[in-house]
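Peer 1: Have a look; sequence and predicted model below, questions after that.
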Amino acid sequence: MRFLRKAWEWFDARTDASKIIGPVMNHPVPPGTGWKYVFGSATLFAFLIQVFTGIALATAFVPSAGQAYESLQWITHEAFLGRLLRGMHYFGASAMVLLVGIHMIRTFLTGSYKFPRELNWVVGVVLLGLTILMGFTGQLLRWDQNGVWSTIVAAEQAGRVPVIGAWLARLILGGQTVGGATLSRFFAYHVFFIPAVIFAMVGLHLALVLRHGISELPDSSRPVDPRTYRSWYENMLRREGVPFWPDAAWRDVVFGAAVVACVVVLAWRIGPPLLTKPPDPTIIEAYPRPDWYLLWYFAVLAQLPPGTENYVIVGAPVLAGFCLLILPLLFNKGQRAPSRRPWAVASMVIIAMSVGVLWYQGKRSPWSPDFGATQLPAHVVQATDPQIAEGARLFFEKGCQYCHAIAGSGGQRGPDLTYVADKLTEKQITLRILNGAFNMPSFASSLKPDEASAIVAFLDTRKLPH
Ligand code: HEC
């Protein structure tokens, strides 16, 4: 103990470290902010998880088209702690997106972006954008079917931007299509460039927080007036301020530690997402699914009426970013209390509900086949003769179930066939299967006659029980 103290004194005498750390830890903060103010620091904890696990993963990951997939397989299945680290990096990313979102909602609802903290918000919006870019570039580094196709889709979207589209698409891909150059490029962005900008922005964000102090709890009897706010705030801190450490910071530490613990437990119990197949240039029809935090946006894109896509794909994110950036410049004074800002609360509720609904649709994605469909259980088939049982098996094996559900199992791309025999005759069913229809492939050439009749025999049993 004595040695440690001596060592610290030696160090401090030469660096003045305590003169820097002391004021930061002891500076007074407004009283009573409570648990709603922990999400900013928790985001920082999640970011630090990403930095540490990311560095560890980068030591074993090979950013080349020939070896990336294998090196990740090796990390996941063989490297010491590799599975845990990949899992932590995945769940850490999810935590970061989630916490940035909650932190933004909180600062929005408590009007913390108002004078003099407008630029804290603006820097925060930039950090949100950078966080999303990290998620997007990270997805490609998996170098599997999903990651590669998501990037192709994004590059196609970027290519639709007027004037600079072609240039933008090349900037993303590093060539005409996704290949080794894209992977090297995304690796450099993901590992060097974007993190460097994030570090700088986090530094700026924190410097601004220290400069202006954290916002006090909103009080409807005291709207923000830029002319008097500063002196009022400083007086209030002198009268009622509590030291940051430990009075307020203990909650940050407890919550941050809980976030880290959750990420570790999830990574250990659930593990990283399985890699889908290695990218295969011969598969031209793919249904990439982005990571969950972009799924709602995917739902928007999938459901746009044709013709409006170009405007929405490019326009919506630009408009949303623009609104977020100018928000504190337009509304920097007046009421902060949510009870006195009905429009702010209402718009928050509407945005949250829309994202929720879209996310749910993205999750179900009725517009794309469900390649995870599993064979129909026996109690659903209720086969009394072997031909019907064979038909049920073929229904799964020939891929009908990717698009059609029976008794709740299967995709939503085509109509539900649970009671198809009540609606169509045997002949109509046969014709539909052999001829196909809009969005339904024709099976005339890929089913043998006895296979087709087995499937029809099975579907003909699908009636409401009388
Ligand atoms: C790529 C997705 C897809 C696959 C795979 C698929 N279908 Fe379809 N199916 C559809 C769509 C979409 C429709 C609706 C077509 C329309 O607009 O009439 C449909 C319609 C049908 C209908 C008529 C249902 C009704 O209510 O009108 C039957 C029966 C049918 N499919 C059976 C099958 C069988 C059997 C298979 C497998 C051999 C199969 N489908 C494979 C997408 C698919």
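Peer 2: Ah, there it is.

Peer 1: Residue 123 versus residue 248, what's the distance?
Peer 2: The spacing between residue 248 and residue 123, counted by CB to CB, to the nearest Å, is 21 Å. In short, each C-beta sits where N, CA and C put it, glycine included.

Peer 1: scratch that, residue 142 is what I was asking about
Peer 2: 30 Å.

Peer 1: So those two - more neighbours on which side?
Peer 2: Per other CB atoms under 10 Å, whichever of residue 142 and residue 123 has more neighbours is residue 142, with 23 against 20.

Peer 1: Distance check, the more buried one against the ligand.
Peer 2: Applying CB to the nearest ligand atom, to the nearest Å, the value for residue 142 to the ligand is 26 Å.

Peer 1: and what of residue 377?
Peer 2: Residue 377 is 18 Å from the ligand, by CB to the nearest ligand atom.

Peer 1: Residue 430 too?
Peer 2: Applying CB to the nearest ligand atom to residue 430 and the ligand gives a distance of 9 Å.

Peer 1: How many residues are close by residue 380?
Peer 2: 15.

Peer 1: which non-adjacent residue is nearest it?
Peer 2: Leaving aside its sequence neighbours, residue 380 sits nearest to residue 407 (CB to CB, 6 or more residues apart in numbering; 4.6 Å).

Peer 1: Okay, buried residues for the helix ranked longest in the chain please.
Peer 2: Looking across the chain with DSSP state H, the single longest helix is helix 82-109. Within helix 82-109, the residues scored as buried using 16 or more other CB atoms under 10 Å are 82-104, 107-109.

Peer 1: What pLDDT is listed against residue 16?
Peer 2: pLDDT recorded at residue 16 is 90.

Peer 1: all numbers from here: first residue = 262
Peer 2: Will do, 262 is the new start, and the previous item becomes residue 277.

Peer 1: what residues are up against it?
Peer 2: Under the criterion of CB atoms under 8 Å, 6 or more residues apart in numbering, residue 277 has no contact partners.

Peer 1: Which residues of this protein lie near the ligand?
Peer 2: 630, 659-661, 663-665, 674-676, 678, 681, 684, 690, 693-694, 698-702, 704, 716, 720 (CB under 6 Å from any ligand atom).

Peer 1: Sort out which of the residues you listed are buried, if you could.
Peer 2: Buried members of the residues of the chain next to the ligand, scored by 16+ other CB under 10 Å, are 630, 659-661, 663-665, 674-675, 678, 681, 690, 693-694, 701, 704, 716, 720.

Peer 1: tell me which element residue 265 is part of?
Peer 2: For residue 265, the enclosing helix or strand under DSSP states H and E is helix 263-276.

Peer 1: Packing partners of that helix?
Peer 2: Using 3 or more CB pairs under 8 Å, 6 or more residues apart in numbering; DSSP states H and E, no helix or strand is in contact with helix 263-276.

Peer 1: and the residue of the stretch 312-461 of the chain nearest the ligand?
Peer 2: Residue of the stretch 312-461 of the chain nearest the ligand, by CB to the nearest ligand atom: residue 410 (17.4 Å).

Peer 1: list the contacts for residue 331?
Peer 2: Counting by CB under 8 Å, 6+ apart, residue 331 touches residue 323.

Peer 1: Where does pLDDT dip in the stretch 462-611 of the chain?
Peer 2: Applying pLDDT under 70 to the stretch 462-611 of the chain picks out residues 541-549, 567-568, 570-571.

Peer 1: mind listing the strands in it by residue range?
Peer 2: Remark: strands assigned in the stretch 462-611 of the chain by DSSP state E, counting those that start in this stretch are 503-504.

Peer 1: before we move on, the earlier item: for the residue nearest to residue 641, grab the count of nearby residues.
Peer 2: Residues near residue 668, counting by other CB under 10 Å, number 15.

Peer 1: Repeat that for residue 524.
Peer 2: Applying other CB under 10 Å, we find 25 residues neighbouring residue 524.

Peer 1: and if you look at residue 679?
Peer 2: 18.

Peer 1: so it makes contact with residue 667?
Peer 2: Yes - contact criterion CB atoms under 8 Å: residue 679 and residue 667 qualify, at 5.3 Å.

Peer 1: Now for the two: what residues contact both?
Peer 2: Taking CB under 8 Å, 6+ apart as the contact rule, residue 679 and residue 667 both touch residue 723.

Peer 1: What about residue 417, how many residues nearby?
Peer 2: Applying other CB under 10 Å, we find 13 residues neighbouring residue 417.

Peer 1: Next: residue 401.
Peer 2: Applying other CB under 10 Å, we find 27 other residues in the vicinity of residue 401.

Peer 1: how would you label it: helix, strand or coil?
Peer 2: With DSSP: H, G, I helix; E, B strand; the rest coil as the basis, residue 401 sits in helix.
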